[in-house]
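**Student:** okay, here's the prediction I keep looking at, along with the sequence it came from:
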Amino acid sequence: MISPAPIFTIHAEVGEIRHFGQTPYGERRVIDILGGRVDGPRLKGRILPGADWQIVRPDGVTDLQARYAIEADQGGRVLVTSDGLRHGPPEVLAALGRGEAVDPSRYYFRTLMRFETADPSHAWLNRILALGTGARDKLAVRLSVYEIL
């Protein structure tokens with residue numbers, strides 16, 4: 001079961017896609033996570049730099065592996081590991097690739113999230129799994145993050 005309301009939302013600013021070519025696993029690319037904000041009833045803070053390592057598989061599915069950190073407004077830092085998938089109709093993915101605004105209901109973008117922190121006030125994050133439902137903008141990613149109960 002997933003909590004009915006997000007525990008927080010993420011607005012992550014991202015850089016341009018860096019392409020590394022066709023590897024044995026698919027088209028490899030890396031997108032820098034530059035910063036952003038986390039806002040919600042249980043956590044508020046800023047996104048610290050990281051990266052999203054992606055593989056576009058032969059079936060058109062993008063396999064996402066993001067690693068970054070959150071610096072909470074009250075202090076403390078939280079490491080984030082996010083593994084997800086994004087896919088949709090070819091014309092929708094092409095529009096996203098051109099940086100066009102696309103309604104997120106037209107494609108699938110989900111990510112399983114784990115957290116790690118030494119900060120006692122956010123230790124609850126060490127004990128949960130979360131599901132992020134996402135939207136991709138030209139230079140940003142937006143996630144609504146729900147605790148899996």
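**Tutor:** Yes, it's here. Numbering: from 1, shown residues only.

**Student:** buried residues in the lowest-mean-pLDDT helix or strand in the chain?
**Tutor:** Across the helices and strands of the chain, mean pLDDT, DSSP states H and E gives its lowest value to helix 90-97, namely a mean of 92. By neighbour count on 16 or more other CB atoms under 10 Å, the buried set for helix 90-97 is L93, A95, L96. All C-beta spots, glycine's among them, are computed from the backbone N, C-alpha and C.

**Student:** counting contacts, what elements does the following helix or strand past that helix pack onto?
**Tutor:** Sequence-wise, the next helix or strand downstream of helix 90-97 (DSSP states H and E) is strand 108-117. Secondary-structure packing of strand 108-117 (3 or more CB pairs under 8 Å, 6 or more residues apart in numbering; DSSP states H and E): strand 77-87, strand 130-137.

**Student:** which other residues reach strand 108-117?
**Tutor:** The contact list for strand 108-117 (CB atoms under 8 Å, 6 or more residues apart in numbering) reads 64, 66, 76-88, 122-123, 125-126, 128-136, 143, 145.

**Student:** now do the contacts for I33.
**Tutor:** Applying CB under 8 Å, 6+ apart, we find I33 in contact with A12, E13, V14, I47, P49, G50, A51, D52, A66, Y68.

**Student:** quick one: mean pLDDT for stretch 65-80?
**Tutor:** Regarding stretch 65-80, the rounded mean pLDDT is 97.

**Student:** quick revisit: can you turn the buried part of the contacts of strand 108-117 into a PyMOL selection?
**Tutor:** Selection of buried members from the contacts of strand 108-117 for PyMOL, criterion 16+ other CB under 10 Å:
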select buried, resi 64+66+76+78+79+80+82+84+86+87+88+122+125+130+131+132+133+134+135+136+143+145
